[in-house]
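Asker: Got a predicted structure here, sequence first:
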Amino acid sequence: MDFLTNLFTDPATYRLITIVILSIFLGIEVISRVPSVLHTPLMSGANAIHGVVIIGAIIVMGQASTDDYLALTLGFLAVILGTLNVVGGFVVTDRMLEMFDKKKKKKK
């Protein structure tokens, strides 16, 4: 229980949690305003961004002490989810490019 008390009474941690929550709302708002036609081209940029997220999560996990289970768990989840997002982005981009290749072959 002391962990939760210290977590929410520390001003630095409170600021970080606030930034994460605001980032979530901002991300949802930005994504909801993107037209569906642009989602696939934006996946290429998102893959690069998530690559940076994966590197950042690996650095956080490397800098965390061995008894800081929260940082290690969140870092591990960030690596897993970022990797899934990158792989999914490449799969979607590949499928979209296949659709354009078939149209070119039919025209010939």
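Answerer: That came through fine. What you are looking at is a predicted structure, and each value in this text was computed from that prediction instead of being measured. Numbers count the residues shown, from 1 in each chain.
Asker: what's the single longest helix in this structure?
Answerer: helix 69-107 (DSSP state H).
Asker: could you point out which element follows the helix or strand of the chain with the lowest mean pLDDT?
Answerer: When the helices and strands of the chain are compared on mean pLDDT, DSSP states H and E, helix 2-9 comes out lowest with a mean of 65. Next along the chain after helix 2-9, taking DSSP states H and E as the criterion, comes helix 11-32.
Asker: contacts for the helix or strand following that following helix?
Answerer: Reading on from helix 11-32 to the C-terminus, the next helix or strand found by DSSP H and E is helix 39-63. Contact with helix 39-63 is made by 34, 71-72, 74-76, 78-79, 82-83, 85-86, 89-90, 92-93, 96, as judged by CB atoms under 8 Å, 6 or more residues apart in numbering. Using the backbone N, CA and C atoms, a C-beta is placed for each residue, glycine as well.
Asker: Tell me the buried residues within these.
Answerer: 75, 78-79, 82, 85-86, 89, 92-93 (16 or more other CB atoms under 10 Å).
Asker: which one among these gets closest to residue 29?
Answerer: Distances from residue 29 to the buried ones among the contacts of helix 39-63, taken as CB to CB, are shortest for residue 85 (18.8 Å).
Asker: what about the closest one, distance to residue 11?
Answerer: In this structure, residue 85 and residue 11 are 32 Å apart, going by CB to CB, to the nearest Å.
Asker: ditto for residue 88
Answerer: Noted for residue 88: a distance of 37 Å to residue 11, by CB to CB.
Asker: Compare those two (neighbour count), which wins?
Answerer: residue 88 (14 against 7; other CB atoms under 10 Å).
Asker: contacting residues around that one?
Answerer: Residue 88 is in contact with no residue at all, counting by CB under 8 Å, 6+ apart.
Asker: Check it and give its pLDDT.
Answerer: For residue 88, the pLDDT comes out at 81.
Asker: again with residue 79
Answerer: 90.
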